[in-house]
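1. Test case, fold it:
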Amino acid sequence: ARPAVLVVHEWWGMNDYAKMRARELAKLGYIAMALDMYGNGKQADNPDSAGKLATPFYMNPQMAKTRFDAALAKFKTYSHADGNKVAAIGYCFGGAQVLNMAKLGDDLKGVVSFHGNLNVVPANKDLLKAEILVCHGAADPFVPQSEVDQFKKQMDSIGAKYTFKSYEGAVHAFTNPNATAMGEKFKIPIKYDATADSASWKDMRGF
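-> Okay, the predicted model is just below:
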């Protein structure tokens, strides 16, 4: 049995990027599974569609938890998944989701958010079990400093075990090599940053 890691996709849906990250985790010796939060393979190819797919999960975190918990339960049925050592990582939308799952009390050893939103669900010391690593682009306009400050204040107020890493000059979606082309195509401030990508993966491994 191996330590297990769930991977939650960006707001574009379950695409090759999330699957690639699961494969990279497998190369490190984990058992990893990318989960389709939207269901039925739904994907978006533009920001408007992506927003329509993602928004219900921000509005109703319990709906997200129901789907995540179903994936977690399925994951634990695999004989080579150590059900006592499960973590979750997520990107953008997925980063927000894994933070939410931790704050809502899911039994996870740790969660890692890469360029995700931070304050969808309030922190609750009676529910939070997981340790948290946040990998944040310091120049991310979608997650401004005010949101960062509020997150840290909430985490500190409940004595949470968390680490917050900021990568200088990195903007939203800094881990995804496809982000630069998508940002240019749709005139949105997302861009790949190889230095921040490498540093955040290293920080995740250490965590």
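2. Quick check: buried residues in the helix or strand containing residue 149?
-> Using DSSP states H and E, residue 149 sits in helix 145-157. Judged by neighbour count (16 or more other CB atoms under 10 Å), helix 145-157 contains these buried residues: 148, 151, 154-155. C-beta here means a position set from N, CA and C on the backbone, and glycine is covered the same way.
3. got it, and stretch 33-44?
-> Buried positions in stretch 33-44, judged by neighbour count with 16+ other CB under 10 Å: 33-38, 44.
4. now stretch 57-77
-> Within stretch 57-77, the residues scored as buried using 16+ other CB under 10 Å are 57-58, 61, 64-65, 67-68, 71-72, 75.
5. any chance of the residues you listed in CSV, plus distance to residue 20, pLDDT and secondary structure?
-> Below are the buried residues of stretch 57-77 laid out as CSV (distance: CB to CB, whole Å; pLDDT from 0 to 100; DSSP: H, G, I helix; E, B strand; the rest coil):
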residue, distance to residue 20, pLDDT, secondary structure
57, 22, 97, helix
58, 25, 97, helix
61, 27, 97, helix
64, 23, 97, helix
65, 26, 98, helix
67, 22, 98, helix
68, 20, 98, helix
71, 18, 97, helix
72, 21, 97, helix
75, 19, 96, helix
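6. could the residues you listed be laid out in CSV, adding distance to residue 170?
-> CSV is the format used below for the buried residues of stretch 57-77 (distance: CB to CB, whole Å):
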residue, distance to residue 170
57, 24
58, 23
61, 26
64, 26
65, 29
67, 29
68, 26
71, 29
72, 30
75, 30
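7. Tell me which two of those sit farthest apart.
-> 58 and 75 (23.7 Å; CB to CB).
8. tell me which element residue 51 is part of?
-> Going by DSSP H and E, residue 51 is part of helix 47-59.
9. In PDB, list the C-alpha atoms belonging to that helix.
-> Extracted C-alpha coordinates of helix 47-59, given in PDB (Å, rounded to 0.1, in the frame of the first residue of the first chain):
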ATOM      1  CA  PRO A  47     -13.300  31.500 -19.600                       C
ATOM      2  CA  ASP A  48     -17.100  32.100 -19.800                       C
ATOM      3  CA  SER A  49     -17.800  28.300 -20.000                       C
ATOM      4  CA  ALA A  50     -15.200  27.600 -17.300                       C
ATOM      5  CA  GLY A  51     -16.800  30.100 -15.000                       C
ATOM      6  CA  LYS A  52     -20.200  28.600 -15.500                       C
ATOM      7  CA  LEU A  53     -18.900  25.100 -14.600                       C
ATOM      8  CA  ALA A  54     -16.900  26.300 -11.600                       C
ATOM      9  CA  THR A  55     -19.200  28.800 -10.000                       C
ATOM     10  CA  PRO A  56     -21.800  26.300  -8.500                       C
ATOM     11  CA  PHE A  57     -18.900  24.700  -6.500                       C
ATOM     12  CA  TYR A  58     -17.900  28.000  -5.000                       C
ATOM     13  CA  MET A  59     -21.600  28.800  -4.200                       C
END
